[in-house]
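*Asks:* any chance you can model this:
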Amino acid sequence: MSLEDALLNVWRQSLVENKKTVTLEEESFPVRSTAKRKLKQIDFQFDGKDLRGLEQNPDTKSRRAAKLSRLL
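*Replies:* Residues are numbered from 1 along each chain as shown. I've put the predicted structure just below:
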């Protein structure tokens, strides 16, 4: 599995399918919420490295966030 595939799997399982646990190559990682904004957060491992997926704040007004939203 490539990093791109792993990121897409984390995104799909957590945000599209709304799963409470994300599974990558037979390993499970819990989907948690941040304390302040209740955004989804997933700490997972890929290729021996610790990574964190964090949901973008939908209320942000930055140009960068708007640009990213158009790409998705």
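*Asks:* and the helix or strand harbouring Asp5, which residues are buried?
*Replies:* Following DSSP states H and E, one finds Asp5 within helix 3-11. For helix 3-11, burial by neighbour count (16 or more other Cβ atoms under 10 Å) applies to 6, 9-11. Backbone N, C-alpha and C define where each C-beta goes, glycine included.
*Asks:* over to stretch 19-28?
*Replies:* 22, 24.
*Asks:* alpha carbons of that stretch, as PDB, please.
*Replies:* Presented in PDB, the C-alpha positions along stretch 19-28 are these (Å, rounded to 0.1, in the frame of the first residue of the first chain):
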ATOM      1  CA  LYS A  19     -16.400   4.600  11.200                       C
ATOM      2  CA  LYS A  20     -15.200   4.700  14.800                       C
ATOM      3  CA  THR A  21     -12.100   2.700  14.000                       C
ATOM      4  CA  VAL A  22      -9.900   2.900  10.800                       C
ATOM      5  CA  THR A  23      -8.300  -0.300   9.600                       C
ATOM      6  CA  LEU A  24      -5.100  -0.300   7.500                       C
ATOM      7  CA  GLU A  25      -3.400  -3.500   6.500                       C
ATOM      8  CA  GLU A  26      -4.900  -5.500   9.400                       C
ATOM      9  CA  GLU A  27      -4.100  -2.900  12.000                       C
ATOM     10  CA  SER A  28      -6.900  -0.800  13.700                       C
END
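*Asks:* on the three-state scheme, the spatially most central residue of the chain is what?
*Replies:* The centroid of the chain falls nearest to Gly53 when counting by Cα atoms, centre = their mean (3.6 Å). Three-state assignment for Gly53 (DSSP: H, G, I helix; E, B strand; the rest coil): strand.
*Asks:* for it, list the residues it contacts.
*Replies:* By Cβ atoms under 8 Å, 6 or more residues apart in numbering, Gly53 lies in contact with 7, 10-11, 14, 40-42, 44.
*Asks:* for this protein, where's the lowest mean pLDDT among helices and strands?
*Replies:* Lowest mean confidence among the helices and strands of the chain (mean pLDDT, DSSP states H and E): helix 63-71, at a mean of 67.
*Asks:* many thanks, have a good one.
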